[in-house]
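> Got a predicted structure plus its sequence, pasted below:
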Amino acid sequence: DTGVSQNPRHKITKRGQNVTFRCDPISEHNRLYWYRQTLGQGPEFLTYFQNEAQLEKSRLLSDRFSAERPKGSFSTLEIQRTEQGDSAMYLCAAGRTGVYGYTFGSGTRLTVV
Amino acid sequence: AQSVTQLDSHVSVSEGTPVLLRCNYSSSYSPSLFWYVQHPNKGLQLLLKYTSAATLVKGINGFEAEFKKSETSFHLTKPSAHMSDAAEYFCVVSDLKAAGGTSYGKLTFGQGTILTVHP
């Protein structure tokens, strides 16, 4: 148990469908990040929440992507009209203000066919 | 802006020999630096972190890294490799302050170094 749970672990979807991933950090984690990792690459930053506020979004986060953290606890990442290029591992990381480093979840692997 | 360059995409060593994984960083501010390890089909695990305290940082599993500001380097070392060390390693930088003075702590990852350990 890393303290950050992600569901589902794997998702296979057809191109054009919408998908939603969920991240559940422990309650002390007021900071929450989403990253995307494609094969052979390091994770790339997508977006950042401090409590319920979305404070930063990467240019990688196109209009088809939306993330929420409605009560400052769990977070969801939705991808609309999925494309094959969206196939990747989506990682959630969480931490606390003043504490360096973050705990990563095990990720959700998305395959778009 | 911050960036990380891992100088080797693959490193191969024999069990019991030293490990050196090289990392150079670029940061506009005082950086925090990390090494993460990712075993196949496993999540990212923090090995060690540098946050402006001692320049020689000790981590888990016998790994350590030295922050050298003059060389903008943060190389990862281990005196004696073990078979279980075989994994992908990521050097990571995080600016303490983004533009405007707000600390977001966003992590920027290198491309990764795959470490292979031979018996």
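Structure's in. What do you need? Numbers count the residues shown, from 1 in each chain, chains lettered A, B, ... in the order given.
> Show me what residue of chain A gets nearest to chain B.
As assessed by C-beta to the nearest C-beta, chain B sits closest to A:Gly42 within chain A, at 3.2 Å. From N, CA and C alone the C-beta is placed, and that goes for glycine too.
> Over to that residue. Which of the three states is it?
What DSSP: H, G, I helix; E, B strand; the rest coil gives for A:Gly42 is coil.
> so what's the residue nearest to B:Val13 when sequence neighbours are not counted up against?
Closest residue to B:Val13 apart from its sequence neighbours, by C-beta to C-beta, 6 or more residues apart in numbering or on different chains: B:Ala81 at 4.9 Å. Shown in contact with B:Ala81 (C-beta atoms under 8 Å, 6 or more residues apart in numbering or on different chains): B:Val13, B:Ser14, B:Glu15, B:Gly16, B:Thr17, B:Pro18, B:Val19, B:Leu115, B:Val117.
> Take those residues and keep only those in strands.
B:Val13, B:Ser14, B:Val19, B:Leu115, B:Val117 (DSSP state E).
> any chance of those in CSV, plus neighbour count?
Converted to CSV, those look like this (neighbours: other C-beta atoms under 10 Å in any protein chain shown):
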residue, neighbour count
B:Val13, 18
B:Ser14, 10
B:Val19, 19
B:Leu115, 21
B:Val117, 19
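> And the residues you listed, which two are furthest apart?
Spatial extent of the ones in strands among the contacts of B:Ala81 (C-beta to C-beta) is set by the pair B:Ser14 and B:Leu115 at 12.0 Å.
> Give the full set of residues in contact with the residue nearest the centre of chain A.
For chain A, the residue nearest the mean C-alpha position is A:Trp34 (3.5 Å; C-alpha atoms, centre = their mean). If a contact means C-beta under 8 Å, 6+ apart, then A:Trp34 has A:Cys23, A:Phe45, A:Leu46, A:Thr47, A:Ala67, A:Ser75, A:Leu77, A:Tyr90, A:Leu91, A:Cys92, A:Ala93 as its contacts.
> Then B:Met83?
Taking C-beta under 8 Å, 6+ apart as the test, what B:Met83 contacts is B:Glu15, B:Val117, B:Pro119.
> how long is stretch B:59-78 end to end?
Distance between the boundary residues of stretch B:59-78 (C-alpha to C-alpha, to the nearest Å) amounts to 10 Å.
> Could I get the buried residue list for that stretch?
B:Gly59, B:Phe63, B:Glu64, B:Ala65, B:Phe67, B:Ser73, B:Phe74, B:His75, B:Leu76, B:Lys78 (16 or more other C-beta atoms under 10 Å in any protein chain shown).
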